[in-house]
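In: Pasting the sequence and the predicted coordinates here, then a few questions.
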Amino acid sequence: MYGYLDNGYWMLKIAESGKYKLQLRRWPEEVNLPLNAGLPERPAIPGTSVKKSRSGKVLNIAEAGISIQNIELSRKVDPNAEFIEFRVELSSGEADLSTWFHLDSGETIGAYYVSIEKI
């Protein structure tokens, strides 16, 4: 959430062959923030265990991509969009999903959140 720079992959089990949409996000869907946005700090709540949070830093994401089942796709990112979407035809079975965000600084990180839906 604070601009942690890392990457990995997800091990998936595709239940049915077909067309899927994958949405890559930086922030949880519920916060409705653009990919490149920072996150304001949350104040402490007196009388509770909730402490003040750090603010999330701005990351200038220039390009995003996915790799799954020998399919590799990438495209430029609209900095005001909440997610970037890819549509792919997948076969049933196990699959490794890799994602990436290329930053304008030259660094590469993975998507923090991914949603997958059969369409």
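Out: Structure's in. What do you need?
In: and the residue nearest to residue 68 when sequence neighbours are not counted, what element?
Out: Of all residues not flanking residue 68 in the chain, residue 97 sits nearest, at 4.7 Å (C-beta to C-beta, 6 or more residues apart in numbering). Any C-beta I mention is one placed from the backbone N, CA and C, and that applies to glycine too. In this structure, residue 97 sits in strand 93-103 according to DSSP states H and E.
In: Let me see the mean pLDDT of that strand.
Out: Strand 93-103 shows a mean pLDDT of 96.
In: which secondary structure elements does that strand contact?
Out: strand 9-14, strand 18-25, strand 61-68, strand 108-109, strand 113-118 (3 or more C-beta pairs under 8 Å, 6 or more residues apart in numbering; DSSP states H and E).
In: shaky segments in this structure?
Out: The chain contains residues with pLDDT under 70 at 1-6, 42, 50, 53, 55.
In: hang on, the earlier thing: please name whichever of the helices and strands packed on strand 93-103 is nearest to residue 47.
Out: strand 113-118 (31.6 Å; C-beta to C-beta).
In: Check which residues of the closest one are buried.
Out: By 16 or more other C-beta atoms under 10 Å, the buried positions in strand 113-118 come out as residue 114.
In: That one to strand 18-25, inter-axis angle?
Out: Per axes from the mean of the first three to the mean of the last three C-alpha atoms, to 10 degrees, the angle that strand 113-118 makes with strand 18-25 is 160 degrees.
In: Please enumerate residues in contact with strand 113-118?
Out: 10, 12, 16, 18-29, 97, 99 (C-beta atoms under 8 Å, 6 or more residues apart in numbering).
In: And stretch 24-33, by the same measure?
Out: Around stretch 24-33, the neighbours that count as contacts under C-beta under 8 Å, 6+ apart are 1, 35-37, 39, 56, 59, 61, 64, 66, 82-86, 99, 101, 111-115.
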